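Student: Below is the structure, and that's it, no one-letter string:
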């Protein structure tokens, strides 16, 4: 007699919710790293190298649902409210912005029915701003960094110094 292994659900949604709760309990800001494909509904102008980093804190989102299959919420990007929907299998990490502690996950390689039928949308290239070096300032802004109201960060905390605003008159 051949025993069959029971099919169990993924541990990823449970770990994401646990890390989210840990961040909230410790007054830290939870961020998720999402590998973008046709099944992910995010503002494409903030996607860099096929990934987007999203702030999912209570102050940055409304109607946040950390479900078993999807993470759904509303957030403002550049002052415009957007509906965000991320399949749980596309979340590659969750971490605290302040100290970088978190968890990474392997990407699901299975193709869902919605992935197979949805047309692949090309990711539009966002305009890149470049800094002007002046004699009074030695700080160059990092190209492609989103503003604070966009609730998006492109690199995990601790990987580079935080950009600073330089006023030019």
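Tutor: Perfect, I can see it now. Predicted model, so just to flag it, every value in this text is computed and none were measured. Numbering: from 1, shown residues only.
Student: Check the burial of residue 93 by counting its neighbours.
Tutor: By the measure other Cβ atoms under 10 Å, the count of residues near residue 93 is 18. From N, CA and C alone the C-beta is placed, and that goes for glycine too.
Student: so where's the protein uncertain?
Tutor: Low-confidence segments of the chain (pLDDT under 70): 1-2, 109-169.
Student: Look through it and tell me its longest helix.
Tutor: Assignment by DSSP state H gives helix 12-25 as the longest helix of the chain.
Student: For residue 74, name its beta-bridge partners.
Tutor: Taking DSSP bridges as the rule, residue 74 bridges to residue 62, residue 83.
Student: Now do the contacts for it.
Tutor: Contact analysis of residue 74 by Cβ atoms under 8 Å, 6 or more residues apart in numbering lists 61-63, 81-84.
Student: When you filter those down to buried only, what's left?
Tutor: 61, 84 (16 or more other Cβ atoms under 10 Å).
Student: returning to what we had before: which helices and strands sit right next to the longest helix of the chain?
Tutor: strand 30-35, strand 61-66, strand 91-96, strand 102-104 (3 or more Cβ pairs under 8 Å, 6 or more residues apart in numbering; DSSP states H and E).
Student: switch to 10 Å and redo it
Tutor: If you count contacts as 3 or more Cβ pairs under 10 Å, 6 or more residues apart in numbering; DSSP states H and E, helix 12-25 packs onto strand 30-35, strand 61-66, strand 70-77, strand 91-96, strand 102-104.
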